[in-house]
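J.: structure for the following, please:
(chains A and B)
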Amino acid sequence: MPAPVYLDHNATTPLDPRVAEAMEPWVGGLHGNPSSAHSFGRAARAAVELAREQVAELVGGQPPEVVFTASGTEANNAVLLSAFAGEGGGHLVISELEHPSIQAAADRLEGLGVEVTRLCPGADGIVCVDSIVGALGPDTRLVCLMLANNELGTVQPVAEAAAACRARGVPLLCDAVQAAGKLAIDAVALGADYVVVAAHKFNGPVGAAALRIREGAGFEPLILGGGQERRRRAGTENVAALVGFGACAALASEELDERIKRLAELRDGLEAGLSRIPDARLHCASSPRLPHVTHVAFPGLIGEELVVRLDLAGFAVSTGAACASGVVEPSRALVAMGVPAAEALASIRVSLGTTNDEAEIARYLPVLAAEVEALRSFSAEPAARAVAG
Amino acid sequence: MTAVAQTAARTDRSAAPAPLTAVAMSGGLDSSVAALLLERRGTPVVGLSMLLWDRSQQVRHGRCCGSLDLGDARRVAEQLGLPHYTLRMDGEFRRHVVDPFVDGYVVGRTPSPCISCNTEIKFEAFWERARRLGAGRIATGHYARIRRGAGGRYELHRAVDESKDQSYFLFELNQEQLARALFPLGELTKTEVRELAREAGLAVAEKGESMEICFVDGGVREFIESERPDLPRSPARVSASDGEDLGAGAPYYRYTVGQRRGLGVAAGRRLYVLDVQPEDNRIVVGGRDELLAPGLIGRGLHWIAGAAADSAVEVDVRIRSRHPGVAATVESLPPANGGSGTCEVRFREPQVGVAPGQAAVFYRGTQVLGGCWIERALS
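T.: The predicted model follows:
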């Protein structure tokens, strides 16, 4: 059997060999704590600050605005908990499309007495700006709207939402983790006070993420200790991962247009093939969306079972957010969009990456068609079954 | 080769493929070695673990449903290079195994949940799920053997390792279930199984046995009470078979027929539970001789390799899993006398501890002919 084909880049991506090369000195030889005064420390400090410039460039911010964290989850958590760190109460607005790192933090805050408004996207997978404006109140302390959804790839009207929020003095957190490397991010144009990106979603290493805090926006650190990251995130810097983050950010800035074109071509080829499978329902295909994500339902089967059959046949896809695997409920985002539960459970997600090619798509399509047909030959009876993680 | 040609080549090779075998991996020693042996045969294998009883907050060791064990299953699958997935089956498990187990105690019976787990879960619901994932056969770590008999019928036989034999718990399997099942451990002793695991360096090679009921953590009584919080907990009256009142004991569902220890009442002689009467909240106790029964009435009569002729069948019957067996005659009763599947089993010598809710399993030599569920003892 040929090597398995990886079609799940929204979960994580392979490390770009050029990124690995940039990291190599810090994995294999160099060491030094960026806080140290000696030559070892200075070398590490220089490497981290170069990475900061590269990441600032990617998100359209200034280097001092960039706070490195260990994950996108940490950065999202930090912003939510910071916004409600003061006296109790307050109001939080999030969309139902948000990543679990925002949903779960909102649940925690709700338990502590924060009022939470959760906005449903429309059937197009997009949150309407009017609904955000309508939800704002005198106590609203934060609005969370992701730049692009991890399951559907739909791009949200962040700039409009941020402008409306700013006019009312409400800060906005934009989780851009899935967008980075696949969509131009300009923090200034977006007008978001907080922007989050993570390296491993665009061919960088796991363990490096960034929170861009607009100069002047408030922030209470989540992690306390030393004075790293201008006292906004304590803990010795993960120099090797940050160097990799900087490298993948620089490459993404440089190659973005080319990557988008390439991914969209592959995706269009894939979707043309999908249209030849009976009753394949593409979700949000005519919405503004990322170039590399295809979300499709095959009514009459269970997506989790299709994922297993495809895995056994050598193709790695997913049913949606990786963090949700193991849970029997249909995707929260899809249900919020109004997709019936049975159709939501019959869905799979393909997320392409820079290393995929046409030959892989050509191999994938007939296997997919065969597996869909095989699963549909069984009674479609209980939709509430699932394969846990 | 072009992508299309590669696909075509793959399709050709798989023209007559060995069926994919799904091995049910609990994370224990036995199912891990079953997976190991299948993998060594070179047949395509997928490891599937069943999430049967999800109390993910609890971390438990050495039981088949502990979440740690599923981690062990994953680890072994990784060691063997097998694809591995976990199936959520807690709904089916509750419906077919846990609820009937609790209900059995509530009506004063002595349930045998492992049999229903095999019949309904491992060889039915699990198969159904495995089939949907592309499997053509399933394998488990049971100690039992399957053979093709005369006329191509599938026969179930006791394992080579008599001390580990689990055939009693498999008596309800039918021809279709046996046709698609593999028991790779049936010809091995436990010692050999552990040795194989050690040689292969399996992470679970030194793991202990799981002997108790996998979903019951503490005592059965506490489990029944947690599952049925509304059940009256008043102490049962304990009386001798001649009607003498011996005082108040524990709630009736605490007792099972044949029980000797922990009766909760003092008497000058050794007493055994003869009967559990939930409707009167009464336990009847007596001497061992009073437990002797000449036979039993069974229901759900099942013959593995086809129904025997209508007349009486000579068998060796085991009336609980650790029963040594006794010669007996099985006679199917006409439907008019109590519904189809009813039978009468007469022992050659009276037996103690005929407990309603347990199974009576019929053997001839090493072969399991079938069995029935004990409805009541004959008097």
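
J.: going by C-alpha atoms from here, please, whenever you check contacts or count neighbours.
T.: Noted.

J.: output the residue of chain B whose distance to chain A is smallest.
T.: Relative to chain A, the nearest point of chain B is B:L87 (4.6 Å; CA to the nearest CA).

J.: and the helix or strand hosting that residue, what does it pack onto?
T.: B:L87 belongs to strand B:84-88 when elements are defined using DSSP states H and E. Packed against strand B:84-88, as judged by 3 or more CA pairs under 8 Å, 6 or more residues apart in numbering or on different chains; DSSP states H and E, are the following elements: strand A:387-388, strand B:45-51, helix B:67-80.

J.: quick check, A:T354 in a helix?
T.: No - looking at A:T354 with DSSP: H, G, I helix; E, B strand; the rest coil, it is coil, so not inside a helix.

J.: count the neighbours of it for me.
T.: 18 (other CA atoms under 10 Å in any protein chain shown).

J.: what's the answer for the one 3 residues further on, then?
T.: Using other CA under 10 Å as the criterion, A:D357 is surrounded by 15 other residues.

J.: that one contacts A:L266, correct?
T.: Yes - using CA atoms under 8 Å, A:D357 is in contact with A:L266, at 7.1 Å.

J.: for A:E110, which non-adjacent residue is closest in space?
T.: Sequence neighbours aside, A:V116 is the residue nearest to A:E110 in space, at 6.2 Å (criterion: CA to CA, 6 or more residues apart in numbering or on different chains).

J.: what is the helix or strand where that neighbour lies packed up against?
T.: Here A:V116 is covered by strand A:115-119, with elements defined by DSSP H and E. Other elements packing on strand A:115-119 under the criterion 3+ CA pairs under 8 Å, 6+ apart are strand A:91-95, helix A:129-135.

J.: tell me which of these sits nearest to A:N203.
T.: With CA to CA, the closest approach to A:N203 among the helices and strands packed on strand A:115-119 belongs to strand A:91-95: 27.3 Å.

J.: and the helices in the stretch 201-350 of chain B?
T.: Residue ranges of the helices in the stretch 201-350 of chain B, as given by DSSP state H, counting those that start in this stretch, are B:220-227, B:288-291.

J.: hmm, back to that, what sits up against the strand holding A:V116?
T.: For strand A:115-119, contacts defined as CA atoms under 8 Å, 6 or more residues apart in numbering or on different chains pick out A:89-96, A:106, A:110, A:127, A:131-132, A:135.

J.: then stretch A:120-134?
T.: With CA under 8 Å, 6+ apart as the test, stretch A:120-134 has contacts from A:93, A:95-97, A:119, A:152, A:154-157, A:160-161, A:164-165, A:283-284, A:286-287, A:333, A:336-339.

J.: where do the domain boundaries of chain B fall?
T.: Structurally, chain B divides into domains by automatic domain parsing as follows: B:18-199, B:232-290, B:292-377.

J.: could I get these as TSV with mean neighbour count?
T.: TSV is the format used below for the domains of chain B (neighbours: other CA atoms under 10 Å in any protein chain shown):
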stretch	mean neighbour count
domain B:18-199	20
domain B:232-290	17
domain B:292-377	20
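
J.: as JSON lines, the ones you listed with mean pLDDT would be great.
T.: Converted to JSON lines, the domains of chain B look like this (pLDDT from 0 to 100):
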{"stretch": "domain B:18-199", "mean pLDDT": "90"}
{"stretch": "domain B:232-290", "mean pLDDT": "88"}
{"stretch": "domain B:292-377", "mean pLDDT": "91"}
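
J.: and chain A, what are its domains?
T.: Under the assignment named as automatic domain parsing, the residue ranges that make up the domains of chain A are A:5-13+A:256-376, A:17-251.

J.: can you give me the strands in the stretch 101-250 of chain B?
T.: B:135-139, B:144-148, B:154-158, B:181-182, B:237-240, B:245-248 (DSSP state E, counting those that start in this stretch).

J.: for the shortest one, packing partners?
T.: Packing contacts for strand B:181-182, counted by 3+ CA pairs under 8 Å, 6+ apart, involve strand B:135-139.

J.: direction included, what does the strand it packs on pair up with?
T.: Paired neighbours of strand B:135-139 in the sheet (DSSP bridges): strand B:20-24 (parallel), strand B:181-182 (parallel).

J.: before we move on, back to that, could the helices and strands packed on strand B:84-88 be laid out in a markdown table, adding distance to B:A139?
T.: Formatted as a markdown table, those follow (distance: least, CA to CA, whole Å):
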| stretch | distance to B:A139 |
| --- | --- |
| strand A:387-388 | 19 |
| strand B:45-51 | 10 |
| helix B:67-80 | 14 |
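
J.: which of those sits closest to A:L270?
T.: Comparing the helices and strands packed on strand B:84-88 under CA to CA, the one sitting nearest is strand A:387-388, at 25.5 Å.

J.: picking that back up, quick one: the strands of the stretch 101-250 of chain B as JSON lines, columns for distance to B:E227 too.
T.: JSON lines is the format used below for the strands of the stretch 101-250 of chain B (distance: least, CA to CA, whole Å):
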{"stretch": "strand B:135-139", "distance to B:E227": "32"}
{"stretch": "strand B:144-148", "distance to B:E227": "33"}
{"stretch": "strand B:154-158", "distance to B:E227": "35"}
{"stretch": "strand B:181-182", "distance to B:E227": "33"}
{"stretch": "strand B:237-240", "distance to B:E227": "23"}
{"stretch": "strand B:245-248", "distance to B:E227": "24"}
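
J.: B:C372: which of those is closest?
T.: Minimum separation from B:C372 across those (CA to CA) falls at strand B:154-158, 15.4 Å.

J.: packing partners of the longest helix along chain A?
T.: Scanning chain A for the longest helix, with DSSP state H as the assignment, gives helix A:239-274. The criterion is 3+ CA pairs under 8 Å, 6+ apart, and the helices and strands that helix A:239-274 contacts are helix A:17-28, helix A:39-59, strand A:293-297, helix A:358-376.
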